[in-house]
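Enquirer: Dropping the sequence and predicted coords here.
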Amino acid sequence: MIEKKTEKIFRQNFESSLSKCPVDFERIATKIDFSQYKRPIAPKKKWLKPFVITFSCVFTAILVTTVLLASPLFRASQTAFSSNAGTAATVLTEGASSFASDGGSDGTAISEFSSGQ
Amino acid sequence: MKIEERLRAALDRGDETSIRQVFEEIYSSYSRLAFFVARQILGEEDAEDAVSEAFVSFFDNLASKRDVRNIKYYLLNSVKFISYRKKKEAEKKLAFDDDLLSDDKGVDVAKNLDNVEMLGEIKDVLTPSEMHLLVEHLELGKTFREIALEEKTTGSSISSKYKRTLDKLKDHYRKEGRL
């Protein structure tokens, strides 16, 4: 707080001690073509910003996905997954067939399940 | 309403009278400081030209650009750039080949002020480099990092130097009964 006050006093003193610029505004004004400002500014394209943001997000997402899909790591994991899926499918098929054979012959599996075994 | 907003509103309306009024207000607000900046680099006559050129180019550029976030910062940088360019041109004419930035060190701020007495006894309390630091940071709005880059040192050393300077100033104002 005291620092701010010190800075404020310094600024006030400094600004009042500045020399006045010998060039007056009228001299500047004669060099300015004021007619160039007469045309009111066109309204800002407010839709442009969200459009650009959305487009860049979608583009980045596509780019990241493409890079990931093309990466060797992804390919390796995909191969591993495929082989695992094959194994799982085999186990399931075997299980299903044994269940069917059990249930088909005497219903052991169902009775075992019912008796809590 | 800030001056930047008033300028934008006047330009949006396209009304010549209000644009002229805002321009005049901008000029009266910053011309003294701009002249001070130019005087640190150039002699009086060249400094006048530099200020004039900076303001005319600023007002002319507004016709196409129209949106300036910090007028003070823009103008002071423009004045500084034009002043260095003029200085370089003058030095070329005289066939000198000195480094332009070499004169920046140890600038005596008080030398370019009209009413030095307005500063009180500060110029006796602070060294020229401390005065320079205060003016650069408080008046010209430079960050410690920017000042450090110019003086080829680190931001933290400038920051501690600033704190020391402010402490000296605080003690001085306390003695004067202003704090």
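Expert: Received the coordinates, thanks.
Enquirer: Mind pulling up the pLDDT for the spatially closest residue to B:Ser57 that is not a sequence neighbour?
Expert: Here the nearest residue to B:Ser57 in space, its sequence neighbours aside, is B:Ser78; by Cβ to Cβ, 6 or more residues apart in numbering or on different chains that works out to 6.8 Å. Glycine gets a C-beta too; all of them are placed from N, C-alpha and C. We have a pLDDT of 92 for B:Ser78.
Enquirer: So for chain A, the centremost residue is which one?
Expert: Chain A has A:Cys57 as the residue nearest its centroid, 6.3 Å off, counting by Cα atoms, centre = their mean.
Enquirer: Stretch A:16-30 near chain B at all?
Expert: Yes - Stretch A:16-30 reaches chain B (Cβ under 8 Å from any Cβ of the partner chain) through A:16-23, A:25, A:27-29.
Enquirer: Please enumerate the strands of the chain.
Expert: Defaulting to chain A. Read by DSSP state E, chain A holds no strands at all.
Enquirer: Identify each buried residue in the helix or strand harbouring B:Ser156, please.
Expert: Per DSSP states H and E, B:Ser156 falls inside helix B:155-176. Residues B:158-159, B:161-162, B:165-166, B:168-170, B:172-173 are the ones in helix B:155-176 that count as buried (16 or more other Cβ atoms under 10 Å in any protein chain shown).
Enquirer: what's the closest of the residues you listed to A:Ile62?
Expert: Lowest distance from A:Ile62 to the buried residues of helix B:155-176 (Cβ to Cβ) belongs to B:Ser159, with 45.3 Å.
Enquirer: From chain A, how far off is the closest one?
Expert: 13 Å (Cβ to the nearest Cβ, to the nearest Å).
Enquirer: If I look at that residue, what pLDDT would I see?
Expert: pLDDT, B:Ser159: 94.
Enquirer: B:Asp98 too?
Expert: At B:Asp98, pLDDT is 53.
Enquirer: Ok, B:Ser57 next?
Expert: For B:Ser57, pLDDT reads 91.
Enquirer: same check, this time on A:Ser114
Expert: Reported pLDDT for A:Ser114: 57.
Enquirer: now the one 3 residues further on
Expert: According to the predicted model, the pLDDT of A:Gln117 comes to 48.
Enquirer: And A:Ser111, by the same measure?
Expert: 57.
Enquirer: Repeat that for B:Val51.
Expert: For B:Val51, pLDDT reads 93.
Enquirer: Now it. Its backbone dihedrals?
Expert: B:Val51 adopts backbone torsions of phi -60, psi -50, taken as degrees, to the nearest 10.
Enquirer: one step back: ok, the residue nearest to B:Ser57 touching B:Phe58?
Expert: Yes - checked against Cβ atoms under 8 Å, the pair B:Ser78 and B:Phe58 is within contact range at 6.2 Å.
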